[in-house]
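Engineer: Got a predicted model here, sequence first, then my questions.
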Amino acid sequence: MIYMAKEPRQINLLPKDLPKQWYNIIPDLPEPLPQPKGDMSNMAKAMIKECLGQEQSLERWIDIPEELQEIYQQIGRPRPLFRAKNMEKFLETPAKLYYKAEGLFSPTGSHKINTAIAQAYYAKKEGFEKLVTETGAGQWGTALSCAARLLGLKSTVYWVRAVYQWKEARRNFMKLYGAEVFASPSQNTKTGRELLKENPNHPGSLGIAISEGLEDAISDEKAVYCLGSVLNHVLLHQTIIGLETKKQFEMLDGYPDVVISCLGGGSNFGGLALPFLGDVLKKGGKVKFIAAQSQAAPNLQGEYRYNFADYAEFTPQLKMYTLGHQKEMPPIFGDGLRYHGCSPIISLLRDKGYIDTIAYPLDEKYVFEAAKLFLQLEGFLPAPESAYSIAAAIDEAKKSKEAGKTQTILFNISGHGFMDMEGYKQVLGL
Ligand SMILES: *Cc1c(COP(=O)(O)O)cnc(C)c1O
């Protein structure tokens, strides 16, 4: 018999309990997912074939190759689920608060490694030698650099210039993995050169960096382009988060009433929420899903329509909630949340009323205060993006208190904040 405390603070799976399949929600959606529109040739040329296949798949369960299951163990999976009991006490809430710790044991500090490693694995199998990508906050670039290195591949990262310039430590982190890192817009691509001609100090954007990465990958046969969020196959790989969490709740004999995560393109939110959303779609039941966003990029409050995923319109158009693909968005420290569009899967579910959203103010004081409270009560330092999840979880716990309602609130800590002290310093005035 395995000993388990009555109200455990930490709920852990064994490596042998690691999910062996990812969950593909597409066949369970309330209506068919709108297909991408327009020119697919760039994507067909630039992307990993297996991922393109997964993008369209109607199989509900997709096997995680055995070798990849092993690599998931190498990168610290399964990850723990924690009960935030000190926070419950402090907030005097009848709610139970649980959080999944994606930053913990992640070599690069966030959930992004879950798909990076899968994409690197397939790219290698297909004979590619180099992975190319964009990055905003830098977490995705770091994850892909790590994944490429672990699989013996090279990597090139186009990094939004405004962030590249001040995150020197993270830049060096990527370089340690062997990545080639460029500030975007760069002189490497036509898109970059044209933008720099207009403005030599162009701050860049995620949309621009995607355009540059695609241009680079298309021009090199041995290179392949990898995306870190938004697309169906990325969310598919990330469902490992929610699938583990479901097993952890089974060990507790419990189930969440509220599921919360921050949302930029939708990969950590989708990763945690989709396995639970699948239950709701198949069996009914009331679970509240909340996506926590910034007012810098409240894409779920935008329009639901076809739009490009990148600035220069290399990608096909996706039906998604969007602010417009050339929208300028003010910088925030939770930069991973600063993207104009949301994943088509999450967008459809939002349109059908399954997902609520909240957008927190630009100055980020509210969310950083929430993160500080979490740190002081639970001990862990969250990434700025994860601070949004915590703020939303606290809001919900307060509502439970007002209503005198016992409920179980699950939230995701998408990453740790060990490399983000500058944001804490500036926003909280340390
Ligand atoms: C990238 C990132 C996010 C936001 O991206 P999603 O695709 O919406 O998950 C959130 N948290 C962290 C730590 C990130 O690195």
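Structural biologist: All right, it came through fine.
Engineer: Relative to K37, how far out is the residue nearest to D39 when sequence neighbours are not counted?
Structural biologist: Spatial nearest neighbour of D39, chain neighbours left out: P316 (6.1 Å); criterion: Cβ to Cβ, 6 or more residues apart in numbering. Backbone N, C-alpha and C define where each C-beta goes, glycine included. Note on P316: its distance to K37, by Cβ to Cβ, to the nearest Å, is 6 Å.
Engineer: More neighbours: which of the two?
Structural biologist: Between P316 and K37, counting by other Cβ atoms under 10 Å, P316 is the more crowded of the two (18 against 12).
Engineer: if I pick the more buried one, what's in contact with it?
Structural biologist: P36, K37, G38, D39, M40, M43, F308, A309 (Cβ atoms under 8 Å, 6 or more residues apart in numbering).
Engineer: Make TSV from those and add secondary structure to it.
Structural biologist: Compiled in TSV, the contacts of P316 are given as follows (DSSP: H, G, I helix; E, B strand; the rest coil):
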residue	secondary structure
P36	coil
K37	strand
G38	coil
D39	coil
M40	coil
M43	helix
F308	strand
A309	coil
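Engineer: Excluding chain neighbours, what is closest to the residue in the stretch 1-150 of the chain that the ligand sits nearest to?
Structural biologist: Residue nearest to the ligand within the stretch 1-150 of the chain (Cβ to the nearest ligand atom): Q139, separated by 3.1 Å. Closest residue to Q139 apart from its sequence neighbours, by Cβ to Cβ, 6+ apart: S110 at 4.5 Å.
Engineer: Report the beta-bridge partner residues of the one you found.
Structural biologist: According to DSSP bridges, the partner residues bridging S110 are G415.
Engineer: Could you report the neighbour count for it?
Structural biologist: Neighbour tally, S110, other Cβ under 10 Å: 27.
Engineer: Now do the same contact list for it.
Structural biologist: If you count contacts by Cβ under 8 Å, 6+ apart, then S110 has E102, G103, Q139, A143, N268, A383, S414, G415, H416 around it.
Engineer: What is the least confident helix or strand in this structure?
Structural biologist: Ranking every helix and strand in the chain by mean pLDDT, DSSP states H and E puts helix 41-46 at the bottom, with a mean of 87.
Engineer: Quick one: residues in contact with that one.
Structural biologist: P36, L52, L214, A217, I218, V224, Y225, F314, T315, P316.
Engineer: And the fourth one, its phi and psi?
Structural biologist: According to degrees, to the nearest 10, the main-chain angles of A217 amount to phi -70, psi -40.
Engineer: Name the residues linked to the nearest residue to P8 once chain neighbours are set aside by a beta bridge.
Structural biologist: Excluding its sequence neighbours, the residue lying closest to P8 (Cβ to Cβ, 6+ apart) is R83, at 6.7 Å. Judged by DSSP bridges, the bridge partners of R83 are Y98.
Engineer: number of nearby residues for the closest residue to P15 other than its chain neighbours?
Structural biologist: Leaving aside its sequence neighbours, P15 sits nearest to Q73 (Cβ to Cβ, 6+ apart; 5.0 Å). Q73 sits with 13 neighbouring residues when counted by other Cβ under 10 Å.
Engineer: do the same with F105
Structural biologist: 13.
Engineer: in stretch 361-380, what counts as buried?
Structural biologist: 364, 366-375, 377-378, 380 (16 or more other Cβ atoms under 10 Å).
Engineer: So which of those are in strands?
Structural biologist: Using DSSP state E, no member of the buried residues of stretch 361-380 sits in strands.
Engineer: pLDDT added to those, as CSV?
Structural biologist: Formatted as CSV, those follow (pLDDT from 0 to 100):
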residue, pLDDT
E364, 98
Y366, 98
V367, 98
F368, 98
E369, 98
A370, 98
A371, 98
K372, 98
L373, 98
F374, 98
L375, 98
L377, 98
E378, 98
F380, 98
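Engineer: and which of the residues you listed is nearest to R79?
Structural biologist: F380 (12.4 Å; Cβ to Cβ).
Engineer: quick one: the strands in the stretch 151-300 of the chain?
Structural biologist: Assigned strands in the stretch 151-300 of the chain, in chain order: 154-160, 180-184, 223-225, 258-262, 288-294 (criterion: DSSP state E, counting those that start in this stretch).
Engineer: Pull up the residues of the protein that are close to the ligand.
Structural biologist: 110, 112, 137, 139-140, 229, 262-269, 336-337, 383, 385-386, 414-415 (Cβ under 6 Å from any ligand atom).
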